[in-house]
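Novice: 3D model of this:
(2 chains)
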Amino acid sequence: MKTFYWLVKREFWEHRGGFFWAPVITGGVFLLLNIMGIIAAEVLGARHGINFGASGGLHSVMTDMDAGDMSKVGFALDLAMYSAMGLLAVVLGFVVFFYCLGALYDDRRDRSILFWKSLPISDTNTVLSKIISATVLAPVIAVIVGIVVGMLQLLILAITLSFHGVNVWQLLLLAHPFRIMFNLIGYIPLYVLWALPSVGWLLLCSAWARNKPFLWAVALPVASGLVISWFGLMGLFNLPATWFWKNVVQRGLFSTFPGTGSLFGTSGQSIAHDVAGNPNMNFMDLSNTYQLLASPNLWIGVVIGGGLLAGAIWFRRWRDDS
Amino acid sequence: MSAVITANGLSKRYKSSLALDKVSFQIAPGRIVGLIGPNGAGKTTALKAILGLTDFTGELNVLGFDPRKQRDRLMGEVCFIADVAVLPRWIRVREAVDFVANVHPRFDRKKCEAFLARTKLTPNQRVRQMSKGMIVQLHLALVMAIDAKLLILDEPTLGLDILYRKQFYQNLLEDYFDENKTIIVTTHQVEEVEHILTDLMFIRDGKIVLDADMDAVGERFIEVMVNADKADAARQLKPLDERQVFGKSIFLFDGANRAVLEQLGETRRPSISDLFVATMKGTYA
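Specialist: Here you go, the predicted model:
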């Protein structure tokens, strides 16, 4: 256990830039852009004499709102908090993708694998520590940063509005920051399962490729997809090209991006329904996202991911080119 | 005591060539073995097999383990320094020490810090900021702090200047080696290890062509400096090698009668590099 902890810590040392600084800087830029936007709006508003705060206009709007309107404000605030996380999720997807591609390749290229292999650590543990770093450590850091950024975002909005005479606390009570935190943290285990086939495929390429793992990882599925589509174009063999692109190429390569499972997968229609009707962010609730557990897509991915990871461990043990 | 390494019929084939050809040998504890051979002779392959880094056929027992199946447990007892600069470039001195201290049960942190205190390395320094010599100092400090039974050095001083090279072997001998430890070293700088070796192994084209301890080497191989008038007589005795220096001929004999040779001229023990050159004659031809 102690060895495993230090293996994961080692990954963090090596990839501090991707795991920690990438989300922190993204979050910082996100907040900065928001503040710049607010300042621009204030300046433009003042120049054109639109001053909705001081006249009490906005305040009276607030007091006049009924419950439905209030929930819309709550939706807007929740959306603001989720939007920070959304941006970080994209960054996380990239970080995990490239981390996995390099995890079992970079140390073979610079031959430091000879140092790591001179320590009493099994190859299985080494590979497992990289899986955990990709699917647990990186998302946990991203979610923590996302929550902090989201809270700051709420605070900035609230403070801005308070200059216009709106009660900050009343406003914040309409948002559901704790529910959002709960949803984001609770989403991580689902992410681990969903990302497994991509992580497995990328780590396998990383452990196997003698050079250019990126090319192999992307070119193999894309080339097969092209061949299948090509036959389809000519009306030969009647291969399911669309199915292949969606369930093999896209699923295999891009499952490291959070949300590709529960948002664009099974419950896409209900999201459209949620947002179009009475706007709310309920589709992010765990009771919704975890419906993915009922989808065979997820579990087939887990099984295939497990197989690919076993392959990665085997190559890590026996690949002999340093 | 039982052997540290026992190899029996060890073979390893790469696509086009045979890197090891049914090699058999034994290495006893408390020895410093020089594994010496020309480029591509199979030295590194042999070491990789011992370390469980490559697959092979035949039998190999290292400290009671099969390196193919029990590599991670074996590495608790074995240390390994490959030719310089295999430490990851991003790691800091402090991180390297922390990491090894926490994953290696036989690591003595105090010892390591004492070794490091004798160098110019600072805790926050990254490997990428170090010179080759400093990287080897760090690696050696890590390895010498591990109480391992077997230390394997593959060209450990490649590319270092003479100060670092001397210091490297001096540290090993003074602060590390004792009768419970075994060291296997491969190098091309034969003159440097000549005086610390207890055993010598020559490897050529995947075969062990010489396996003897240094005393036996001194008994078996004799160099004689012969004046021109006796050179023909010396040639009759089938020397391994002949070379000319200052008008005299130097002959190298394997297992010849010492008394006979002494009548021909001045005898002495050959240097390992001369012995190596004579043994490997025609390797690249």
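Novice: What does the pLDDT read for residue 112?
Specialist: Here I'm looking at chain A. pLDDT for residue A:112: 91.
Novice: My question was about chain B, not that one.
Specialist: 95.
Novice: Next, the contact list for the closest residue to it other than its chain neighbours, please.
Specialist: Excluding the flanking residues, the one nearest residue B:112 by C-beta to C-beta, 6 or more residues apart in numbering or on different chains is residue B:145, at 3.5 Å. Every C-beta, even on glycine, is put in place using the N, C-alpha and C of the backbone. Residues in contact with residue B:145 (C-beta atoms under 8 Å, 6 or more residues apart in numbering or on different chains) are B:100, B:107, B:108, B:109, B:111, B:112, B:115.
Novice: What residues sit buried inside whatever helix or strand residue A:312 lives in?
Specialist: The secondary structure element spanning residue A:312 is helix A:296-318 (assigned by DSSP states H and E). Neighbour-count burial for helix A:296-318 flags A:297-298, A:301-302, A:304-305, A:308-309, A:311-317 (criterion: 16 or more other C-beta atoms under 10 Å in any protein chain shown).
Novice: What does residue A:187 show for phi and psi?
Specialist: Main-chain torsions, residue A:187, degrees, to the nearest 10: phi -80, psi -20.
Novice: I figured residue A:302 was touching residue A:196, is that so?
Specialist: Yes: counting by C-beta atoms under 8 Å, residue A:302 touches residue A:196, with 5.2 Å between them.
Novice: Would you mark the buried spots in stretch A:115-127?
Specialist: So stretch A:115-127, judged by 16+ other C-beta under 10 Å, has buried residues A:115, A:116, A:117, A:118, A:119, A:120, A:121, A:122, A:123, A:126, A:127.
Novice: what residues does chain B put near chain A?
Specialist: B:48, B:51, B:53-55, B:71-76, B:78-82, B:85-92, B:95, B:98-100, B:102-105, B:139 (C-beta under 8 Å from any C-beta of the partner chain).
Novice: Quick one: buried ones out of the residues you listed?
Specialist: Buried by 16+ other C-beta under 10 Å: B:48, B:51, B:53-54, B:71-72, B:74-76, B:78-82, B:85-88, B:90-92, B:95, B:98-100, B:102-104, B:139, out of the residues of chain B next to chain A.
Novice: isn't residue B:41 right up against residue B:208?
Specialist: No: using C-beta under 8 Å, residue B:41 makes no contact with residue B:208, being 10.0 Å away.
Novice: Per-residue pLDDT of residue A:56, please?
Specialist: pLDDT, residue A:56: 47.
Novice: is chain B contacted by the helix holding residue A:312?
Specialist: Yes: judged by C-beta under 8 Å from any C-beta, helix A:296-318 and chain B are in contact via A:317, A:318.
Novice: tell me which residues of the longest helix along chain B are tucked away?
Specialist: When chain B is parsed with DSSP state H, its longest helix is helix B:132-144. Neighbour counts over helix B:132-144 (16+ other C-beta under 10 Å) mark B:133, B:134, B:135, B:136, B:137, B:138, B:139, B:140, B:141, B:142, B:143, B:144 as buried.
Novice: need the strands for the stretch 151-285 of chain B, in chain order.
Specialist: For the stretch 151-285 of chain B, the strands defined by DSSP state E, counting those that start in this stretch occupy B:182-186, B:199-204, B:207-213, B:221-226, B:241-245, B:248-254, B:265-268.
Novice: now these in TSV, with mean neighbour count and mean pLDDT?
Specialist: Supplementary listing: these in TSV, determined by neighbours: other C-beta atoms under 10 Å in any protein chain shown; pLDDT from 0 to 100:
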stretch	mean neighbour count	mean pLDDT
strand B:182-186	24	93
strand B:199-204	22	92
strand B:207-213	17	90
strand B:221-226	22	88
strand B:241-245	12	84
strand B:248-254	20	87
strand B:265-268	15	85
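Novice: Make TSV from these and add distance to residue A:19 to it.
Specialist: Supplementary listing: those in TSV, determined by distance: least, C-beta to C-beta, whole Å:
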stretch	distance to residue A:19
strand B:182-186	39
strand B:199-204	45
strand B:207-213	49
strand B:221-226	59
strand B:241-245	61
strand B:248-254	61
strand B:265-268	63
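Novice: which residue is nearest the middle of the chain?
Specialist: All of this refers to chain A. Residue closest to the average C-alpha location in chain A (C-alpha atoms, centre = their mean): residue A:89, at 2.9 Å.
Novice: The intended chain is chain B.
Specialist: Mean-position check on chain B, C-alpha atoms, centre = their mean. Result residue B:185 at 2.0 Å.
Novice: Mind listing the residues bridging to the closest residue to that one other than its chain neighbours?
Specialist: The spatial neighbour of residue B:185 that comes closest, neighbours along the chain excluded (C-beta to C-beta, 6+ apart), is residue B:153 at 4.3 Å. Partner residues in beta bridges with residue B:153, using DSSP bridges, are residue B:81, residue B:185.
Novice: mind listing what residue B:153 touches?
Specialist: Applying C-beta under 8 Å, 6+ apart, we find residue B:153 in contact with B:80, B:81, B:183, B:184, B:185, B:186, B:187.
Novice: let's see 10 Å
Specialist: The contact partners of residue B:153, by C-beta atoms under 10 Å, 6 or more residues apart in numbering or on different chains, come to B:32, B:34-35, B:47, B:79-83, B:140, B:143, B:168-169, B:172, B:183-187, B:193.
Novice: Skip the chain neighbours and tell me the closest residue to residue A:256.
Specialist: Residue A:256's closest residue in space is residue A:96 (C-beta to C-beta, 6+ apart), at 4.2 Å.
Novice: hmm, I was thinking of residue A:203
Specialist: Here the residue nearest residue A:203, using C-beta to C-beta, 6+ apart, is residue A:312, at 4.3 Å.
Novice: Then residue A:7?
Specialist: The spatial neighbour of residue A:7 that comes closest, neighbours along the chain excluded (C-beta to C-beta, 6+ apart), is residue A:129 at 3.6 Å.
Novice: Just the CA trace of the helix or strand harbouring that neighbour, in CSV.
Specialist: Assigned by DSSP H and E, residue A:129 belongs to helix A:123-132. Output in CSV follows, covering the C-alpha atoms of helix A:123-132 (Å, rounded to 0.1, in the frame of the first residue of the first chain):
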residue,chain,number,x,y,z
ASP,A,123,5.1,-4.0,-13.4
THR,A,124,1.4,-4.6,-12.5
ASN,A,125,1.7,-2.0,-9.7
THR,A,126,3.4,0.4,-11.9
VAL,A,127,0.7,0.3,-14.5
LEU,A,128,-2.1,0.3,-11.9
SER,A,129,-0.6,3.5,-10.4
LYS,A,130,-0.8,5.1,-13.8
ILE,A,131,-4.4,4.0,-14.2
ILE,A,132,-5.3,5.5,-10.8
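Novice: Which elements pack onto that helix?
Specialist: The contact analysis (3 or more C-beta pairs under 10 Å, 6 or more residues apart in numbering or on different chains; DSSP states H and E) places helix A:123-132 against helix A:2-14, helix A:67-103, helix A:113-116, helix A:177-208, helix A:296-318, helix B:71-74.
Novice: Now the weakest link among the ones you listed, please, by mean pLDDT.
Specialist: The minimum mean pLDDT among those belongs to helix A:67-103 (a mean of 85).
Novice: now the next helix or strand after it: how far from the chain's centre is it?
Specialist: Remark: after helix A:67-103, the chain's next helix or strand is helix A:106-109, criterion DSSP H and E. Taking C-alpha atoms, centre = their mean, to the nearest Å, one finds helix A:106-109 lying 27 Å from the centre of the chain it belongs to.
Novice: Contact partners for residue B:269?
Specialist: So residue B:269 contacts B:214, B:217, B:218, B:219, B:221, B:222, B:223, B:275 (C-beta under 10 Å, 6+ apart).
Novice: before we move on, what about residue B:161?
Specialist: Taking C-beta under 10 Å, 6+ apart, we find residue B:161 in contact with B:131, B:132, B:133.
Novice: Try it again at 7 Å.
Specialist: residue B:133 (C-beta atoms under 7 Å, 6 or more residues apart in numbering or on different chains).
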